[in-house]
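S.K.: The following block contains a protein sequence and its predicted model.
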Amino acid sequence: MDLDAVRTFVAVAETGQFQQAAAALAVTQQAVSKRIAALEKGLAVRLFTRTPRGAQLTIDGQAFLPHARELLRVAERADASVRPGRRALRVDVLSRRVAPAVLLQDFYRAHPGVDLDVVTYVADVDGAIAAIEAGSIDATFHAVPAPARRLPDALRAAPVIDERHELLVGPRHPLAGAASVTPAQLAGHRIWMPGVVPGTEWSDYYIELAAAFGLTIDVLGPVFGYEAQLAELAGSAELATLVGERSRYLWPDSYDLRRIPVRDPAPIYPMSIIWRADNPHPELARLLAYLQARRTPPPAAGIWLPAWASAGDEPALVVDQVAVRRGDRGPGHLGDDDR
């Protein structure tokens, strides 16, 4: 059904005059007559009777009027749902416990009027890129290895998170009393990280980390959820796991788990925000500006970066007058079962 014709019908019904309806719609009276004629033909009924005093609704016209108004209201709501700034900004944070979710919550605290739709896509960087391209989400956080993986031309990425690691252990673990640990000290200890899927960017990261420092990272076994893993860690003198510095986990006081910073060097898991360059959502530009202002690049000394993230700075990117820099995902792993 032609919405312009329906809108014209409502205008004539409300003004009672073809001429006044034409003025209200900024069209000619002839255009109004043609639209009404086409609508009557499509409905196979007469909607108006012309009288010396103007246009009067027929019985069929009276029956159609409330539905015509509802059609226009529905069309307006549908239009508003996809207008930039009218719908919520949909951002994928991978898991609600890890650094991207923490950072996005900080953004919301700074801008409480922003309408956010926070989602958790179970996907690696390739799946997330496909979701961005399809318009399923506005932005996502992932590690973006370069130059091995090039983004599609329509997409952009900017580094926003440089997540350090903490070792999470129970009170009986040999390293439980340490104020900090070095990667070299972790050699010979079993680092238990079930659920790391082979072929994903985080799997590639942990493989390179293990090779660099001679670590034993155990990714085998089913994922029963982070609560079960925390319970296992609390009762074990051998198991340990790595979590992101900003990841959020809660456990009973009786577990007495310890979060121990990994330093000298501090491994860094770099994450980027990824978005479409042609996305006009105004809140996206605000988010990018906030993330750029918040990020402090890691120092050149005392850290370890994977080879694909240590090639040096890339040129700044500009989106809607917002300058941003390129390439992050926080490891806060522990079985991301809270999506």
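M.R.: That came through fine.
S.K.: Quick check: R164 vs L239, distance?
M.R.: 21 Å (Cβ to Cβ, to the nearest Å). All C-beta atoms are positioned from the backbone trio N, CA, C, and that covers glycine.
S.K.: now do V144
M.R.: 31 Å.
S.K.: Tell me which of these two has more neighbours.
M.R.: V144 (28 against 19; other Cβ atoms under 10 Å).
S.K.: close enough to count as contact, that one and W275?
M.R.: No. Using Cβ atoms under 8 Å, V144 makes no contact with W275, being 11.8 Å away.
S.K.: any common contacting residues for these two?
M.R.: A157 (Cβ atoms under 8 Å, 6 or more residues apart in numbering).
S.K.: Compute the number of surrounding residues for the closest residue in space to R164 that isn't next to it in sequence.
M.R.: Excluding its sequence neighbours, the residue lying closest to R164 (Cβ to Cβ, 6 or more residues apart in numbering) is E245, at 4.3 Å. By other Cβ under 10 Å, the residues close to E245 number 20.
S.K.: Going along the chain, name the helices of the protein.
M.R.: For the chain, applying DSSP state H gives helices covering 3-15, 18-25, 29-43, 59-82, 99-110, 125-134, 183-186, 201-213, 226-235, 282-294.
S.K.: where does the chain dip in pLDDT?
M.R.: Within the chain, the stretches with pLDDT under 70 are 83-85, 122, 146-149, 310-339.
S.K.: Residue nearest the middle of it, spatially speaking?
M.R.: With distances taken as Cα atoms, centre = their mean, the residue of the chain nearest its centroid is V91 (1.7 Å).
S.K.: of all the helices of the chain, which lies closest to A301?
M.R.: helix 183-186 (15.1 Å; Cβ to Cβ).
S.K.: Could you give me the buried positions within that closest one?
M.R.: For helix 183-186, burial by neighbour count (16 or more other Cβ atoms under 10 Å) applies to 183, 185-186.
S.K.: Packing partners of that helix?
M.R.: The contact analysis (3 or more Cβ pairs under 8 Å, 6 or more residues apart in numbering; DSSP states H and E) places helix 183-186 against helix 201-213.
S.K.: List the neighbours of the helix it packs on that are in contact with it.
M.R.: Here helix 201-213 makes contact (Cβ under 8 Å, 6+ apart) with 124-125, 142-145, 183-184, 186-187, 193, 196-197, 215-217, 219, 267, 269, 304, 306-308, 329, 331, 333.
S.K.: Buried ones from the residues you listed, can you make that a PyMOL selection?
M.R.: The buried residues among the contacts of helix 201-213 can be selected in PyMOL (16+ other Cβ under 10 Å) with this line:
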select buried, resi 124+125+142+143+144+145+183+186+193+196+215+217+219+267+269+304+306+308+329+331+333
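S.K.: just the buried residues of helix 183-186 now: which is nearest A99?
M.R.: Distance to A99 across those (Cβ to Cβ) is lowest for P183, with 19.8 Å.
S.K.: so how many other residues sit close to the spatially closest residue to the closest one that is not a sequence neighbour?
M.R.: Using Cβ to Cβ, 6+ apart and skipping the chain neighbours, the partner closest in space to P183 is F213 (4.0 Å). Using other Cβ under 10 Å, F213 is surrounded by 17 other residues.
S.K.: how close does F213 sit to L220?
M.R.: If you go by Cβ to Cβ, the gap between F213 and L220 works out to 20 Å.
S.K.: which residues does R248 contact?
M.R.: R248 touches 97-98, 101-102, 332, counting by Cβ under 8 Å, 6+ apart.
S.K.: Repeat that for G235.
M.R.: G235 touches 170, 172, counting by Cβ under 8 Å, 6+ apart.
S.K.: and what of L287?
M.R.: By Cβ under 8 Å, 6+ apart, the neighbours of L287 are 89, 91, 107, 114, 139, 273.
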